[in-house]
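# Please work out how this folds:
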Amino acid sequence: MTRRSRSFSSVWAAEDVAPLLPVSGPAEGEKLDDSSNCRSKFLVSRLWTGTNPSRRRVPIKRLVLVLSGLLAIALLVTSSALGGPEEFELDAEPAKYNKAGLAEAAAWRASMSSLEQPAAAVQRLGWEASFDRAHQSCLSRWVADGELCAGLDLSSFGRIDGIWTWVNGSDTRHVLQRNATVAELMRDESWAAANKPILESINDNGRFREHNELLYSIRSAFKHLGTGIGKVHLLTTDFLLTPEAMKTVEVQTQTKTSSGTSNRLLKTASTALDVWRGLRSQAQPSEVSRALITSNREEQVSDVFFDEFMRARDGQVPQWLNLSHATVASGNQVFSTSAEEQLKRFRVHHHWSSLCQTRAELSSTVRRDPSTRGELDIALADDRTSISTDQIEQYACRVKRLQTYNSNVIDSMLGDQPGLSDTFFYSNDDTFFGNDMSIGDLATPLYGPIFRFETETVAPNFDAPNQGGEWASLHYSSALMSERFGYRGRWYQAHQHKVFVGPVFREAKVTWRRQLEDSQLSKFRAKKDLNAAFINSQYHIERHREALLWAYLVARMDTDGDGFYSPSEWQALLEELGASANTEAKVTYPQRTTLQSTTGEDTYSRNLFATGLNGAKAASIAFTSADGYPMIGFEQRNNVKTPLPEYDPSRWQKSKSMVACRIAPICFAPFVERAKNESINVNDVFKRLAFEHWGCGDCILLSRLQQSGLSGLSGFLPGDSATMPGDVNALAESAGVPPHLPLVDNFHHASFLLKDVTAATRWAGRSRRDFATRLIARYNYAITVSDGPIAIQTLTDANSTDHSLAQIDAQSPSLFCLNDNINHDEAYIADKLGKWFSEKYPQALHFERGSSA
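Sure thing, here's the model as predicted:
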């Protein structure tokens, strides 16, 4: 991967003595500079200046009215064996048995698509209940003071699920459909010219060559995470199963009766209809607990499942996976809520079932006709099944976007798989665990996910050139982040295992749902793709910063909650910050024990052990969100070796008198004269300090962190007696959603006032302090720049392969990547890798074919 961004070391060397000036970003209606080389000129502690031409928004393409959509669905183009069109018809009889055979799948899909308002997409995190069980004030104590409640037990969060994405690009159907898609796109000469790098790499052998990496990647997780690995999820592509292909399908049913469990193999079926007739003749639908459908076409084992309209789809699975194993859930089984199915540790998901999942994501896919009924009754033979308009929209959404050959689109599906834990790690098939790790190296309820960053930044740019890799999507995603949280560069996440918090990532997808819908239409990587990993980590970090500033500037300092700073409230704010209309407030480095006690003890691991979790085995935790915000540009740095702030006792002597930043008069300039005669709008002040002049907000964060003492974030929090505006409503309280701030894609369009946040979350009359602590804790995270030798090895020929594998053996990195760029010695490398993998990860797993484990 080409490195084109300045390293942190060079950035900080240039900025060591430069003052932190709160430079303004573009105002509403202004535009970001589209300079293609702006990224190389970007400095972390500066926003580049200049005229920002306005950004052009591409209007979202929508489908026609729902009734017209119904007619269109009947003519949708789907894939035949050669990738050509196939007429869409609803089979009559299978829908009768849908209620029995796929009822749980339908219920799960309905629950995922029933969210009308974006706020309803905010889901509570599972660990909150553990704090509440220990004591009502337990979470507040942890956030405010950094202290643990006695008896807080988090041991049930000692495992983490992993999800792998994989596509068999050598599958004949995949090749034919991919080439047909390219041929269609090539008709547009402008597209062909703009996407030449994409076209050159579409059929690159390195993208589809198989060395069984997926198998060994999963084995590596079991070997090095041990009891810390939870369920394994595999996300793969799928195809419409044509009538011709259905002739090769065999159906195995597993039924439970009073006398025990029995298995039957049905005769070869010629159509999907025959499959369900066979099921009907062999057992009552209510008795069928498992319908394993495999296809041996081209000697490939497949995972056949049925979509909402009973169309059979053929999901890819790796040939080493034993779909019949008792611990494997596949097809429609993954939607089951039964205890038996939920316990299965290997779960196979497909693109069809993972795309267009939530209603919030679908809300702009189809422009609804107000005269259309909420549900349309579709006659299927002698049975009438109610199919909601959302299901129809979802179907149309998927057909329009699949097949996809765009890894950014596939990554955007993460977190929407049934049975996936709230927090999970994501792995490609070319990334591996190389050394023992624990939950403390990945994610914990106390500190949140651990993000691993490389020492380079990504500048916002809405129009970066598409070179075929990930950089265009990174620049575009950085620009989206800047519109929402302020214009600044943000860090690049290393190409290795990445940790996601599903509910938080879903928030991000709701926030940019229009852009996401547009980007998912790109069959191949495009410059306006959302980069899921970048959005996931940076959204998490920025939401935490926003929560801290909101807790202080809004929840704490707007004491009467009326949305305005009265003269007394305004004066109190300035006095607390040590600022005035004419003088600047100098802020020195905080002294903190978040990561290290005054006696040198590892505070991070100590707290994890105290709650029943393992500390980090491989990662060197360099920063946690309990110390504020990591991307601050300091006036004087107390350490130039890493880009991260260091506040631990080893730095106290050197930094106790060093000026870290200054809260300058410009921060409050627009409000000084107005404050003499009128109240000041809290929303205006918050947006200016948090986003428009983000340097001001960063310095305020440091100031309040200093006031919070050695640990905790008490300096940001409102008092115990303060409540959210309005009267407590028991019904509203029970229906309230988790604390969160506006889900909008541009901060100019948001209201952060207490009354509006209260209305969106239904927290009227409840504790402001409780709201703020839960809001802050929701976005907790930790950072490591390097958790040992992180290896990204590129294999090109025999010599490079020998050298790369020898380096990994010698350095024993905790995480590493093997990048296939082989152009010589393919046979030698295949043999070398096969032997090396089998020696490094020899233990077969129980769900492998032929395994005796």
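
# Can you get me a residue count around F157?
If you count neighbours by other Cβ atoms under 10 Å, F157 ends up with 22. Just so you know, the C-beta spots here come from the backbone N, C-alpha and C atoms, and that holds for glycine as well.

# residues in contact with L402?
351-352, 355 (Cβ atoms under 8 Å, 6 or more residues apart in numbering).

# Tell me who's in contact with the closest residue in space to R543 that isn't next to it in sequence.
Excluding its sequence neighbours, the residue lying closest to R543 (Cβ to Cβ, 6 or more residues apart in numbering) is Y779, at 4.5 Å. Y779 sits next to 448, 504, 540-541, 543-544, 547, 625 when contact means Cβ under 8 Å, 6+ apart.

# then stretch 497-508 to PDB, C-alphas only?
Only the C-alpha atoms of stretch 497-508 are listed here, as PDB (Å, rounded to 0.1, in the frame of the first residue of the first chain):
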ATOM      1  CA  HIS A 497      -7.900  -6.600  12.700                       C
ATOM      2  CA  LYS A 498     -10.300  -3.700  13.600                       C
ATOM      3  CA  VAL A 499     -12.700  -3.500  16.500                       C
ATOM      4  CA  PHE A 500     -16.300  -2.300  16.000                       C
ATOM      5  CA  VAL A 501     -19.000  -1.500  18.400                       C
ATOM      6  CA  GLY A 502     -22.000  -2.500  16.300                       C
ATOM      7  CA  PRO A 503     -24.600   0.000  17.800                       C
ATOM      8  CA  VAL A 504     -22.200   2.900  17.500                       C
ATOM      9  CA  PHE A 505     -21.300   2.000  13.900                       C
ATOM     10  CA  ARG A 506     -25.000   1.700  13.100                       C
ATOM     11  CA  GLU A 507     -25.400   5.300  14.400                       C
ATOM     12  CA  ALA A 508     -22.800   6.400  11.900                       C
END
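
# Show me how far that stretch is from its chain's centre.
3 Å (Cα atoms, centre = their mean, to the nearest Å).

# for the record, mean pLDDT for that stretch?
Throughout stretch 497-508, pLDDT has a mean value of 94.

# which SS state does the nearest residue to K528 once chain neighbours are set aside fall under?
Leaving aside its sequence neighbours, K528 sits nearest to Y476 (Cβ to Cβ, 6+ apart; 5.4 Å). Following DSSP: H, G, I helix; E, B strand; the rest coil, we place Y476 in the helix state.

# now V304
Classification of V304 by three-state DSSP places it in strand.

# Please renumber the chain so that the first residue is 158 from this point on.
I'll keep to 158 as the first residue from here, and by that count the last item is V461.

# Count the neighbours of it for me.
Using other Cβ under 10 Å, V461 has 25 neighbouring residues.

# need the contact list for S860.
By Cβ under 8 Å, 6+ apart, the contact set of S860 is 734-735, 742, 744, 820.

# cool, and Q650?
When contacts are counted by Cβ under 8 Å, 6+ apart, Q650 is found next to 608-611, 690-691, 694.

# As CSV, those residues with secondary structure, neighbour count and distance to K655 would be great.
Below are the contacts of Q650 laid out as CSV (DSSP: H, G, I helix; E, B strand; the rest coil; neighbours: other Cβ atoms under 10 Å; distance: Cβ to Cβ, whole Å):
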residue, secondary structure, neighbour count, distance to K655
F608, strand, 24, 8
R609, strand, 23, 8
F610, strand, 24, 11
E611, strand, 20, 12
A690, helix, 24, 5
F691, helix, 25, 10
S694, helix, 24, 7
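
# With respect to per-residue confidence, which of those residues is lowest?
Among these, E611 has the weakest pLDDT, 78.

# What's the mean pLDDT across stretch 583-595?
Averaged across stretch 583-595, the pLDDT comes to 93.

# which parts of that stretch are buried?
Of all the residues in stretch 583-595, those buried under the rule 16 or more other Cβ atoms under 10 Å are 583-592, 594-595.
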